[in-house]
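Chemist: Need coordinates for the following:
(2 chains)
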Amino acid sequence: MLQSKLFLKTIKEKSSEAESFSRDLLMRAGYVDQLMAGVYTFLPLGFKVLQKIENIIRKNIEQDPVLGQEILMPVLQPKENWQKTGRWDGLDILFKVKGGGDKEYALGPTHEEIVSPLAQKNILSYRDLPFSVFQIQTKFRDELRAKSGILRTREFLMKDLYSFHATQEDLDKYYEKMIKVYFNIFKECGIGRMTYRTYASGGSFSKYSDEFQTITDAGEDTIYICKKCKLAINKEIKEGIKECQNCKGADFEEKKAVEVGNIFKMGTKYSVPFDLKFRDRDGLEKSVIMGCYGIGLGRLMGAIVEVNHDDKGIIWPKSVFPFLVHLICVENDKKVKTAAEKIYKTLLKENIEVLFDDRQDKTAGEKFADADLIGLPIRLVVSKKTEAAKSVEMKMRNEAQAKLVPIKSFIKAIKK
RNA sequence: CGGGGUAUAGUGUAACGGUAGCACGAGUCGUUUGGGACGAUUUAGUCUCGGUUCAAAUCCGAGUACCCCGACCA
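Modeler: Next up, the predicted model:
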């Protein structure tokens, strides 16, 4: 991608509005644009990051054995399904829309009301269980207060997965497996070390749930991390709890955190109203046991930035970025330009994602400042100096020192 | 939803009730080119509605939007 053709420009000045790092950086670097409170457009750079995250999640679920099959459910949903579970009136974040003839619909904030009757069509006997489906789709929630940029929005991409089981033991087994998958996803997204499995309230789904909380001051939750086993407890249920549920440790560290994922054991809460039953081995009809597992993609992207940045800009981790390489030509000298273009073409041929700063009306300082702000993992600089040495300068965004790499071997150096 | 704050050009900001100014950006021309370079020139603004006043960006009222705190958060 040529930077001269990039859809949105970077902004030098910090916004005057008090805000989170991720909001400020993502907006200034041209990743997102705000339409209104809690609603954002993902610009080319931001959209690419979102797709990276999406693919990491998808890859981890569609491993061998497959932990869930991908589907796409409707956003527009019938009122009746929501009345059946009492959430048409009971869920105040639900967006309701009127169609023709005053017919009413819900805009999906979550999909238990849709996936449960869907599953019913697939389940007849215990032989049909277990199975799970997931989707990556836009959710709508009329949050009373949107905040902190893309950390809390009213419209957001979410991966929601629903699992269906014949027995509690089977759900428990799958649930623990999914916890491992979640940790792999967060590790790959560069926030593994800052993310904690957190014992939390189950909301209206279940008594308890497991949250995945990433430590950051921009977060709106407070968690207590057990210093011994590193499991955490959300402040919302900490009242009266004196020791760790896991290791009985009593030494906790208090931290602010943002919830990047949440998983629930829903039991039969949704299978009962939708009459989701199966015929068991013993000939009896039983209710299906369900679990649900969510990750907010935009929020995850925001959390990555909260955890990975410095005062100059974003520092994307090595698996999440809009482009891997930021190629910068600092001179308009014809020979140097030709050399830079050659490197650009080589990178494209090698299928290495590259953003080429080919702008001729910008000074070197401006280009470097933009590169730091945008935060791609690898920076390559081409100049008279590097051209004379038949090399290219390479610098990692998370390192201070740049080094010269011979033209002949720079592809190898990048791949490493 | 309760409380607080803010609203001036694309962005960041100034202006006692009396000529809306500055910087950045953007356009044009030229000089520059390893950390947001320089000169010339052009461009563009008082959130909306109402009130007070000879006169309102400024005072008053209502509305709207955004931000922050709290409550809420499948």
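Chemist: show me where pLDDT drops low in the stretch 51-200 of chain A?
Modeler: For the stretch 51-200 of chain A, not a single residue meets the criterion pLDDT under 70.
Chemist: What helices and strands are in contact with the strand of greatest length in chain A?
Modeler: In chain A, assigned by DSSP state E, the strand with the most residues is strand A:252-267. Packing partners of strand A:252-267 (3 or more C-beta pairs under 8 Å, 6 or more residues apart in numbering; DSSP states H and E): helix A:168-188, strand A:195-201, strand A:208-215, strand A:221-226, strand A:232-234, strand A:289-296, helix A:297-307. All C-beta spots, glycine's among them, are computed from the backbone N, C-alpha and C.
Chemist: List the contacts of the shortest one.
Modeler: Outside strand A:232-234, the residues within contact range by C-beta atoms under 8 Å, 6 or more residues apart in numbering are A:196-201, A:211, A:213, A:221-226, A:241, A:244-245, A:252, A:255, A:257.
Chemist: and that strand, which strands flank it?
Modeler: strand A:195-201 (parallel), strand A:221-226 (antiparallel) (DSSP bridges).
Chemist: will you turn these into JSON lines that also has distance to RNA strand B?
Modeler: Formatted as JSON lines, those follow (distance: least, C-beta to the nearest atom of the strand, whole Å):
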{"stretch": "strand A:195-201", "distance to RNA strand B": "7"}
{"stretch": "strand A:221-226", "distance to RNA strand B": "7"}
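Chemist: In a markdown table, list these along with distance to A:Pro130 and mean neighbour count.
Modeler: Output for those, formatted as a markdown table (distance: least, C-beta to C-beta, whole Å; neighbours: other C-beta atoms under 10 Å):
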| stretch | distance to A:Pro130 | mean neighbour count |
| --- | --- | --- |
| strand A:195-201 | 22 | 22 |
| strand A:221-226 | 31 | 20 |
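Chemist: Over to the closest residue to RNA strand B within chain A. Which of the three states is it?
Modeler: Residue nearest to RNA strand B within chain A: A:Gly365 (2.4 Å; C-beta to the nearest atom of the strand). Following DSSP: H, G, I helix; E, B strand; the rest coil, the label given to A:Gly365 is helix.
Chemist: A:Lys235 touches A:Glu220, doesn't it?
Modeler: No. Using C-beta atoms under 8 Å, A:Lys235 makes no contact with A:Glu220, being 10.8 Å away.
Chemist: And these two? Which one has more around it.
Modeler: Set A:Lys235 next to A:Glu220 and count neighbours by other C-beta atoms under 10 Å: A:Lys235 wins out with 16 against 13.
Chemist: list the contacts for that one?
Modeler: The contact partners of A:Lys235, by C-beta under 8 Å, 6+ apart, come to A:Asp221, A:Thr222, A:Ile223, A:Tyr224.
Chemist: Quick check: which element contains the nearest residue to A:Val336 once chain neighbours are set aside?
Modeler: Spatial nearest neighbour of A:Val336, excluding adjacent residues (C-beta to C-beta, 6 or more residues apart in numbering): A:Glu387 at 5.2 Å. Assigned by DSSP states H and E, A:Glu387 belongs to helix A:384-388.
Chemist: one step back: tell me the most buried of the helices and strands packed on strand A:252-267?
Modeler: Mean neighbour count, computed with mean count of other C-beta atoms under 10 Å, is highest for helix A:297-307 among the helices and strands packed on strand A:252-267, reaching a mean of 27.
Chemist: partners of the helix or strand that it is followed by, with directions?
Modeler: On the C-terminal side of helix A:297-307, the nearest following helix or strand under DSSP H and E is strand A:309-310. If you go by DSSP bridges, strand A:309-310 pairs up with strand A:313-314 (antiparallel).
Chemist: which residues touch the next helix or strand after the partner strand?
Modeler: Note on strand A:313-314: by DSSP H and E, the next helix or strand toward the C-terminus is strand A:325-329. Contacts with strand A:325-329, where a contact means C-beta under 8 Å, 6+ apart, come from A:336-337, A:340, A:343-344, A:347, A:352-358, A:364, A:367-368, A:371, A:374, A:376-383, A:414.
Chemist: now stretch A:380-388
Modeler: Residues contacting stretch A:380-388 (C-beta under 8 Å, 6+ apart): A:325-331, A:333, A:335-336, A:339-340, A:343, A:364, A:392-395, A:402, A:404, A:410.
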